[in-house]
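Engineer: Quick one, what's the 3D model for this:
(2 chains)
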Amino acid sequence: NAGVTQTPKFQVLKTGQSMTLQCAQDMNHEYMSWYRQDPGMGLRLIHYSVGAGITDQGEVPNGYNVSRSTTEDFPLRLLSAAPSQTSVYFCASSYWGQGTLSPEQYFGPGTRLTVT
Amino acid sequence: DQQVKQNSPSLSVQEGRISILNCDYTNSMFDYFLWYKKYPAEGPTFLISISSIKDKNEDGRFTVFLNKSAKHLSLHIVPSQPGDSAVYFCAASAGEATNKLIFGTGTLLAVQP
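Structural biologist: Residues are numbered from 1 along each chain as shown, chains lettered A, B, ... in the order given. Here you go, the predicted structure:
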């Protein structure tokens, strides 16, 4: 049971380049999400999904796209990277909402992205 | 506008003593609160949570207290150990059917041997 895995661990991009951050979980969790962590800002929700085929925006969605074709995978796409997207990105998963004991989320190890 | 606030960026405590980390929130719709612990270069890990129907939840050395009227919660660690040194994030969610978490900015706890 690997939990939540993220690749790559580190990435450097030039402004305007595109890339996809990968996230996978093997806990059969319906809910998956992406956060970014910036100094002095805590973790901020980018996008989330409550199941395959269903995604929605979080607090800071601009510049990012997501899709959820399977329960296991939730990739985050940067279409045209900007220096403001330099951050540490965390993927998380959990059981979904109603009927669950708590919205506790399980986090991956993170991807450190630098955009120059 | 920061809905979840951790006003102390850092805290230093002697080993064996009590660590108290504080968190304030502004949204009265929040009904579930969680604490996460984060070591450098790792993802946050869940520590303890509390529902708004309770005012205290205890798990071993960790206790979370909730004061709804003051919109304040705190995490007590007794006794503190050097391995507790990490960044602690407070988080909150609103509504029974949502997993969306709003995080505070974190408090760096250093436990001195």
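Engineer: which residues of chain B fall in strands?
Structural biologist: If DSSP state E is used as the criterion, the strands of chain B fall at B:4-5, B:10-14, B:19-25, B:30-38, B:45-51, B:56-59, B:62-67, B:72-77, B:86-94, B:102-103, B:107-112.
Engineer: Could you do chain A as well?
Structural biologist: Under DSSP E, chain A gives strands at A:4-7, A:10-13, A:19-25, A:31-38, A:42-51, A:54-57, A:64-66, A:76-78, A:87-94, A:106-107, A:111-115.
Engineer: Kindly reformat the strands of chain B as TSV containing mean neighbour count and distance to A:Val66.
Structural biologist: Where C-beta positions appear, they are placed from N, C-alpha and C, glycine not excepted. Below are the strands of chain B laid out as TSV (neighbours: other Cβ atoms under 10 Å in any protein chain shown; distance: least, Cβ to Cβ, whole Å):
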stretch	mean neighbour count	distance to A:Val66
strand B:4-5	20	24
strand B:10-14	14	34
strand B:19-25	21	27
strand B:30-38	22	22
strand B:45-51	17	23
strand B:56-59	12	33
strand B:62-67	18	32
strand B:72-77	20	31
strand B:86-94	23	20
strand B:102-103	22	19
strand B:107-112	17	30
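Engineer: Make JSON lines out of the strands of chain A and add mean pLDDT.
Structural biologist: Below are the strands of chain A laid out as JSON lines (pLDDT from 0 to 100):
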{"stretch": "strand A:4-7", "mean pLDDT": "97"}
{"stretch": "strand A:10-13", "mean pLDDT": "96"}
{"stretch": "strand A:19-25", "mean pLDDT": "98"}
{"stretch": "strand A:31-38", "mean pLDDT": "95"}
{"stretch": "strand A:42-51", "mean pLDDT": "93"}
{"stretch": "strand A:54-57", "mean pLDDT": "94"}
{"stretch": "strand A:64-66", "mean pLDDT": "97"}
{"stretch": "strand A:76-78", "mean pLDDT": "97"}
{"stretch": "strand A:87-94", "mean pLDDT": "96"}
{"stretch": "strand A:106-107", "mean pLDDT": "95"}
{"stretch": "strand A:111-115", "mean pLDDT": "97"}
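Engineer: which one of these lies closest to chain B?
Structural biologist: Nearest to chain B among the strands of chain A is strand A:106-107 (3.3 Å), distances taken as Cβ to the nearest Cβ.
Engineer: Sheet-wise, list the partners of the closest one with their directions.
Structural biologist: Using DSSP bridges, the strands paired with strand A:106-107 in its sheet are strand A:87-94 (antiparallel).
Engineer: can you list the residues of chain B near chain A?
Structural biologist: B:4, B:6, B:32, B:34, B:36, B:41-46, B:49, B:51, B:89, B:91, B:93, B:96-106 (Cβ under 8 Å from any Cβ of the partner chain).
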